[in-house]
Structure formats: structure tokens, C-alpha cells
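Colleague: Provided below are the primary sequence and the corresponding predicted coordinates.
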Amino acid sequence: MFAAALSMAFFTADLFIPLALTSVRGISATLAGIVLTAGIIGWTAGAYAPARLLKWGMTKGGIARLGAILVIAGLTVIGAVILTTVPVPVAAVGWIIAGLGAGLGFTINSIAVLDDAAGTVGRASSQMELGNQAGIAIGTGLAGALVATMGATAAGLSGVLVVAGVGVVLALLASTRFAETHPPLTPPER
């Protein structure tokens, strides 16, 4: 659930940021691409950090929540740039923050799946990947329908941010499951 929700949030926004920046703020596609590149830099740093955070005593759930919170912060900055007169270069900073959160979140989710003590890594990893794809499909489908209905306007692209926001709130809620410990699966007694 966490990966599906985080995918819904991050990739929905990621796919519509260039359209929002070019249509609403009037910048070139090249500059909008630079904003997306900033997110990749953040993601790379975020993917590196979970191992260190775990060594420093942070829990997997705590790292997942931090990732979701950073995506919320990044989406907030992107929304401010798209919908107000906040300078466009600030969007790159916002997307670095969101990318950092996505890198943290997706990496710690993979670590949690690979650390599965119950021996169901194969099943869990395929469910994680299916969740990633479903989250992207649902988020971009809903966002695309909003833009098709309302146009590539501030109102239509605000709807995209709402869809992404719903995804990241769901990811934040799902992150609480990381902290739970489950007893190993044992066969029922006969």
C-alpha cells in the first residue's frame, strides 16, 4: 500500500509538472526539464540515505514517514510556484525535496520487503511492483481526466496536485504499518 500511494503521489506530479510550468507559468520546456532533473538529484540522495539512517537508529517506519513528509513539502512548494507568483526557480528546490522523500520512501520500502523474515520475499516484491504500477496508473489516470475536463489551466492543474496530495497522505498513513512487528508465520496446530 505504501509504495502504491507514494507512486500515485510522486509520479502523478512528476508527469504533470512540465505541463503546469509551461502552461500556467509560461516557461520553456527546457526550464521545466531542469526542474525534473532536480528531482532526480534529490531521489539519488534519498536512495542513499536509508542505510545511514538505519545505522543511526531510525526505524523503517520513521524513514518511510520522513519520505512521505518530504514529498508533501515538495508538492506544497510546487503548488506555490504553479499557482502563485513564487519565482519559478524555487520549483527546482521543491522538486529536490520531493525527490529526496521519494528516494527515501521507495528505498526503505524495498529494504523492508527484502528483510521479510517470513520467507515471502518473492510474493511481497511482486505485490510491491504491482502496487507501484497501480499507483501510477490510478494517479495519472485521475489527473489526466481532470486536465482533459478542465484544461491545462491553473484550476485543472490544481486538481493534479490534489490527486498527488491524496496519494501522499495515503502513503503517510500506510507508513505506520512499517513500525508494526508481526510474529513469524507458523502452521496451525493440529
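Modeller: Yep, that arrived.

Colleague: Give me the neighbour count for residue 29.
Modeller: Using other C-beta atoms under 10 Å, residue 29 has 11 other residues around it. Using the backbone N, CA and C atoms, a C-beta is placed for each residue, glycine as well.

Colleague: Please verify my assumption that it contacts residue 23.
Modeller: No - Residue 29 lies out of contact with residue 23 (C-beta atoms under 8 Å); the separation is 10.8 Å.

Colleague: ok, then the element right after the lowest-mean-pLDDT helix or strand in the chain?
Modeller: None of the helices or strands of the chain scores lower by mean pLDDT, DSSP states H and E than helix 121-150, at a mean of 84. Remark: after helix 121-150, the chain's next helix or strand is helix 154-174, criterion DSSP states H and E.

Colleague: tell me what that following helix is packed against?
Modeller: helix 2-23, helix 60-83, helix 121-150 (3 or more C-beta pairs under 8 Å, 6 or more residues apart in numbering; DSSP states H and E).

Colleague: Going by contacts, tell me the helices and strands next to the stretch of helix or strand residue 51 belongs to.
Modeller: When elements are defined using DSSP H and E, residue 51 is found to belong to helix 29-55. When contacts are defined as 3+ C-beta pairs under 8 Å, 6+ apart, helix 29-55 sits against helix 2-23, helix 60-83, helix 89-114.

Colleague: 6 Å - rerun?
Modeller: Using 3 or more C-beta pairs under 6 Å, 6 or more residues apart in numbering; DSSP states H and E, the elements in contact with helix 29-55 are helix 2-23, helix 89-114.

Colleague: Generate a markdown table for these, with mean pLDDT, distance to residue 124 and mean neighbour count as supplementary columns.
Modeller: Shown next, in a markdown table, are those (pLDDT from 0 to 100; distance: least, C-beta to C-beta, whole Å; neighbours: other C-beta atoms under 10 Å):
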| stretch | mean pLDDT | distance to residue 124 | mean neighbour count |
| --- | --- | --- | --- |
| helix 2-23 | 92 | 10 | 25 |
| helix 89-114 | 92 | 5 | 23 |
